[in-house]
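K.L.:
Model the structure of this input:
(2 chains)
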Amino acid sequence: DVKVTQSSRYLVKRTGEKVFLECVQDMDHENMFWYRQDPGLGLRLIYFSYDVKMKEKGDIPEGYSVSREKKERFSLILESASTNQTSMYLCASSLAIIYYEQYFGPGTRLTVT
Amino acid sequence: QQQVKQSPQSLIVQKGGISIINCAYENTAFDYFPWYQQFPGKGPALLIAIRPDVSEKKEGRFTISFNKSAKQFSLHIMDSQPGDSATYFCAASTSNTGKLIFGQGTTLQVKP
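P.N.:
Model (predicted):
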């Protein structure tokens, strides 16, 4: 079974803090994704990576950056957290970008106060 | 701009009934349409998917119906069970980018 793990289930940070969300997958997948999930908006893609050290902007990259130094690990960084970044963050991985199933982690509920 | 519009936002169905969730899309280049199921506290998981070369795909009690001319697709859950209670997301992608565009989600409650 594919396992995608996220470092925290719940996180509370203060406005202006630098926040790191970590994601690890154990199936040697090439592709990894970060989404945020908000009620009434579904899942929106923040960034994705199709190879180590490679990244592509998704639909809502503003205020976020990512890092992928190793194939199995994909980090989402909030350089200066703001209250409008309070959300559920979901990491996913897939064997290929096109037509392939994305496997999701359980999510990190981030609250910025 | 929401490229994939999903309805209804929430749905309550009696056990044994049929649950129907609808999605409409705008981009005619979309060529892959998966449905994801999410239980509370879990990440979404792929339920069933369809390509536009077929009008229907069935897996057990779950069926996707696809209408290319109307740019609509729907999920039908036959003989709905309380264990089907979850949030369902439709999605679409193109072979150019592979990026999934998700609908807003539908929270389904199946009453015993």
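
K.L.:
did I read that right, A:Asn84 in a strand?
P.N.:
No: A:Asn84: not assigned to a strand; according to DSSP: H, G, I helix; E, B strand; the rest coil it is helix.

K.L.:
okay, now it: neighbour count?
P.N.:
Neighbours of A:Asn84 under the rule other CB atoms under 10 Å in any protein chain shown: 8. C-beta here means a position set from N, CA and C on the backbone, and glycine is covered the same way.

K.L.:
what's the distance between it and A:Pro61?
P.N.:
Distance, A:Asn84 to A:Pro61, using CB to CB, to the nearest Å: 14 Å.

K.L.:
got it, and B:Ala70?
P.N.:
From B:Ala70 to A:Pro61 the distance is 33 Å (CB to CB).

K.L.:
and those two? which has more neighbours close in?
P.N.:
A:Pro61 (15 against 8).

K.L.:
and that one, what does it touch?
P.N.:
Applying CB atoms under 8 Å, 6 or more residues apart in numbering or on different chains, we find A:Pro61 in contact with A:46-47.

K.L.:
repeat for the one 3 residues further on
P.N.:
By CB under 8 Å, 6+ apart, the residues touching A:Tyr64 are A:34, A:46-47, A:76-79.

K.L.:
Straight-line length of stretch B:98-107, end to end?
P.N.:
26 Å (CA to CA, to the nearest Å).

K.L.:
That stretch and chain A in contact?
P.N.:
Yes: among the residues of stretch B:98-107, B:98-105 lie within reach of chain A under CB under 8 Å from any CB of the partner chain.

K.L.:
Mind checking which of the contacts of A:Tyr64 are in helices?
P.N.:
Among these, no member is found in helices (DSSP state H).

K.L.:
min pLDDT across these, which one?
P.N.:
Lowest in pLDDT among the contacts of A:Tyr64 is A:Glu79, which has 94.

K.L.:
mind listing what that residue touches?
P.N.:
For A:Glu79, the contact set (CB under 8 Å, 6+ apart) comprises A:18, A:63-65.

K.L.:
Where does pLDDT dip in chain B?
P.N.:
B:1-2 (pLDDT under 70).
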